[in-house]
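Undergrad: Quick one, structure for this:
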Amino acid sequence: MDEKKLEEELKKIWDETPVLHSENAKEASWETFQSKAFAAKKSKFKVWQFAAAAVLVFGVAGSVFFYNSNSLQNELLLGSTVVENTTSVVKTVILPDSSKVELNANSKITYAANFTVNRKIEIEGEAYFKVKKDKKHPFQVLCNDITTTVLGTSFIVKEQAQNGTIVELYEGSVQINIKNQDKKWVLEPGDKFTYREKTAAITDFNRFTDFDNDKLSAVTAYIQKTYGYKVTMPEEYLGKPITIRINKKEDLKDLTQLIAEMYNLNFEINEELKEIAFQ
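TA: Numbers count the residues shown, from 1 in each chain. Below is the predicted model:
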C-alpha cells in the first residue's frame with residue numbers, strides 16, 4: 001500500500017466512532033488492516049509516521065475497551081477494594097491517591113485497584129471527600145444515578161431513603177451528571193444539590209460556624225465536639241474574645257495554626273491521645 005492510501009486508511013480509523021465488536025471481529029479487523037498497512041514491500045515511511053500509526057492503533061483499541069465497560073460497577077469488580085464502616089463513629093480512609101474520605105457510620109465505598117489513574121469510587125451511605133488535585137485524572141463519585149466529577153475540592157455525598165441523593169459542596173467546584181440525562185449541573189461552594197424522584201434542585205446550605213465576639217473557650221469546646229480532640233490552654237486565654245468564621249469541614253491542623261497565630265501561642269497535637277496543647 002502506498003503512503004497516500006495508508007494515510008487514508010488511518011484517517012478512516014481515526015474518524016470512526018468506536019463501537020462494540022466481538023473478539024473474533026476485532027481480530028479479523030486487525031489482521032485486515034495489518035496486511036494492508038504492513039505489507040512485505042519495503043516501507044518508505046519515516047520513523048515518526050510509524051509512531052503515529054502505533055499511537056492511533058492503541059487509541060482505537062483503548063476506545064473499544066472503554067466502551068466495552070458497560071458501567072462503573074463492572075470496572076470496580078476488577079480487583080476492587082471495599083471499605084465499610086460498621087461502627088457508630090466516623091472512619092477516616094486515605095485513598096491510594098492521598099485523597100481523604102470521612103466515612104460515616106453504616107456506609108461503604110468501593111474503588112478499583114488502579115485507582116490512582118482511574119479515580120472512580122462508589123458510595124453507599126454518607127461520606128465527606130477531600131480530593132487531591134489531579135487535572136489528568138478527574139475524581140468521580142457514584143451514588144445511585146448521580147455522578148459527581150471533581151478535580152480537587154471538598155464535598156459531602158449522602159444517600160438517604162427519604163430525601164434522595166444529596167451533594168453539599170464546601171470548597172472548589174463539582175459537576176453533577178444524572179444517568180441517561182444530557183443536562184449537567186455545576187456547583188459552587190455553599191450549593192446543595194438534591195436528586196429525588198427524578199427531580200433535581202440546587203439550594204443553599206450553611207457551610208460555616210460563626211463565633212461573633214465569643215470567648216475563646218467556646219471555640220475550644222467546638223473543636224472538642226467536632227473533631228474529638230481535647231484542648232488545653234493557659235487559663236488566662238480562655239476568656240479572651242474571638243470573632244471567627246470556621247468552615248464546618250476545616251482541616252483541624254489549619255484551624256489550630258490559625259488560633260495559635262491569632263494569640264501568639266505555640267501548640268502541639270498528640271494524635272495518639274487526641275489532644276491539642278496550646279502554650
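Undergrad: Got the domain ranges for this structure?
TA: For the chain, the structural domains run 3-68, 74-204, 208-278, going by automatic domain parsing.
Undergrad: Could you pull up the mean pLDDT of the last one?
TA: Averaging pLDDT along domain 208-278 yields 93.
Undergrad: Can you tell me what sits against stretch 165-179?
TA: 131, 143-160, 184-196, 200, 205, 207, 247-249 (CB atoms under 8 Å, 6 or more residues apart in numbering). (Glycine included, C-beta is placed from N, CA and C.)
Undergrad: Dump the domains of the chain into JSON lines; add mean neighbour count as well.
TA: As requested, the domains of the chain are exported to JSON lines (neighbours: other CB atoms under 10 Å):
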{"stretch": "domain 3-68", "mean neighbour count": "12"}
{"stretch": "domain 74-204", "mean neighbour count": "16"}
{"stretch": "domain 208-278", "mean neighbour count": "14"}
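Undergrad: mean pLDDT for these: which is lowest?
TA: domain 3-68 (a mean of 42).
Undergrad: Just to be sure, Lys225 is in a helix?
TA: Yes - applying DSSP: H, G, I helix; E, B strand; the rest coil, one finds Lys225 inside a helix.
Undergrad: show me what contacts Gln279?
TA: 233-234, 265-268.
Undergrad: any idea how far it is from Tyr263?
TA: 11 Å (CB to CB, to the nearest Å).
Undergrad: likewise Val167?
TA: Counting by CB to CB, the gap from Val167 to Tyr263 is 37 Å.
Undergrad: can you give me the helices for the stretch 151-279 of the chain?
TA: 216-227, 235-238, 252-262 (DSSP state H, counting those that start in this stretch).
Undergrad: With distance to Asn104 added, can I get those helices in TSV?
TA: Output for those, formatted as TSV (distance: least, CB to CB, whole Å):
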stretch	distance to Asn104
helix 216-227	14
helix 235-238	32
helix 252-262	18
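Undergrad: what's the closest of those helices to Asn118?
TA: Closest approach to Asn118 among the helices of the stretch 151-279 of the chain (CB to CB): helix 252-262, 29.8 Å.
Undergrad: contacting residues around that closest one?
TA: 216, 219, 223, 227, 229, 242, 244, 246, 265-267, 269, 276, 278.
Undergrad: For the closest residue to Asp210 other than its chain neighbours, list the residues it contacts.
TA: Nearest non-adjacent residue to Asp210, counting by CB to CB, 6 or more residues apart in numbering: Arg245, 5.2 Å away. If a contact means CB under 8 Å, 6+ apart, then Arg245 has 208-211 as its contacts.
Undergrad: of all these, which comes closest to Lys136?
TA: Phe208 (32.4 Å).
Undergrad: May I have the beta-bridge partners of the closest one?
TA: Asn247 (DSSP bridges).
Undergrad: Report the separation between it and Ile246.
TA: Distance, Phe208 to Ile246, using CB to CB: 6 Å.
Undergrad: Over to Asn180?
TA: From Asn180 to Ile246 the distance is 40 Å (CB to CB).
Undergrad: can you pull out the strands in the stretch 151-279 of the chain?
TA: Along the stretch 151-279 of the chain, counting by DSSP state E, counting those that start in this stretch, strands occupy 154-160, 164-171, 174-178, 184-187, 191-196, 199-204, 208-215, 230-232, 241-247, 267-270, 275-278.
Undergrad: Lys136 is nearest to which of those?
TA: strand 174-178 (16.5 Å).
Undergrad: still on that earlier bit, quick one: closest of the helices of the stretch 151-279 of the chain to Ser99.
TA: helix 252-262 (16.8 Å).
Undergrad: got the contact list for Glu102?
TA: Contacts of Glu102 by CB under 8 Å, 6+ apart are 90-93, 127-128, 130.
Undergrad: quick one: Thr226 and Lys132, what's the gap?
TA: 23 Å.
Undergrad: whoops, I mixed them up, Ile178
TA: From Ile178 across to Lys132, the span is 26 Å (CB to CB).
Undergrad: for Lys215, same thing?
TA: Counting by CB to CB - Lys215 and Lys132 are separated by 36 Å.
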